[in-house]
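Trainee: take a look and give me a structure for this.
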Amino acid sequence: MSLSFDPKALAELAALLNKTGLSEIELAEGDRKVRLARILAPVTVPVAAAPVAAAPVSAPAAAPIAAPAADPAKNPGAVKSPMVGVAYLSAEPGTPPYVSVGQKVEAGATLLLIEAMKTFNQIKAPRGGTVTQILVASGSPVEFDEPLLIIE
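Mentor: Got it, this is the predicted structure:
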């Protein structure tokens, strides 16, 4: 049996995957079924990577942190959740968090994980800067577009 799908519709679904941060979409209509999946970067991070990144943090570096903004969602440095899920600040329970307040991060650095539909998605820094606030607790549910942390 040969199935044919509208290439334009498939391209729109692929764009929706990227826009929403979802890892896959599956649609079924009668006997027809299509599943599109995004290949995500590996979630495992060497345990040594977290302490190395956290090592430069010292008490003096944390001193210039700005006072919390009234509404974190309006802060230009807010990193917002691209999906609904559960936030995790470290790779595994009992391991150091990916980032901490006062830590300098580079663009593309992993900030935290969001588990959605049993898939762990890395949330990466959109720009370099200093983490001034972490707005979620590890294991807490998050909504789409909810501010997760502030990088200034």
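
Trainee: does K8 sit in a helix or strand, and which one?
Mentor: helix 7-20 (DSSP states H and E).

Trainee: so what secondary structure elements neighbour that helix?
Mentor: strand 24-29, strand 32-37 (3 or more C-beta pairs under 8 Å, 6 or more residues apart in numbering; DSSP states H and E). Bear in mind the C-beta positions are built from the backbone N, C-alpha and C, glycine included.

Trainee: what angle sits between the last one and helix 7-20?
Mentor: With axes from the mean of the first three to the mean of the last three C-alpha atoms, to 10 degrees defining the directions, strand 32-37 sits at 40 degrees from helix 7-20.

Trainee: show me the contact partners of strand 32-37.
Mentor: The contact list for strand 32-37 (C-beta atoms under 8 Å, 6 or more residues apart in numbering) reads 3, 5, 10, 13-14, 17, 23-28.

Trainee: quick check: mean pLDDT across it?
Mentor: For strand 32-37, mean pLDDT rounds to 75.

Trainee: now do the helix or strand hosting L148: everything it contacts.
Mentor: L148 is part of strand 147-151 when elements are defined by DSSP H and E. The contact list for strand 147-151 (C-beta under 8 Å, 6+ apart) reads 69, 72-73, 75, 77-81, 87, 99, 105, 111-112, 123, 125-136, 142.

Trainee: any of those buried? List them.
Mentor: 69, 72, 75, 77-81, 87, 99, 105, 111-112, 123, 125, 129-136, 142 (16 or more other C-beta atoms under 10 Å).

Trainee: now the strands: where do they sit in this structure?
Mentor: 24-29, 32-37, 78-80, 85-88, 104-105, 110-116, 119-124, 129-134, 141-142, 147-151 (DSSP state E).

Trainee: including distance to G94, could those go into TSV?
Mentor: Formatted as TSV, the strands of the chain follow (distance: least, C-beta to C-beta, whole Å):
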stretch	distance to G94
strand 24-29	30
strand 32-37	31
strand 78-80	24
strand 85-88	12
strand 104-105	22
strand 110-116	15
strand 119-124	16
strand 129-134	18
strand 141-142	21
strand 147-151	21
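
Trainee: just how off-centre is the strand holding L148 within its chain?
Mentor: How far strand 147-151 lies from its chain's middle: 11 Å, per C-alpha atoms, centre = their mean, to the nearest Å.

Trainee: quick one: strands adjacent to that strand?
Mentor: Strand pairing for strand 147-151, using DSSP bridges, gives strand 78-80 (antiparallel), strand 129-134 (antiparallel).
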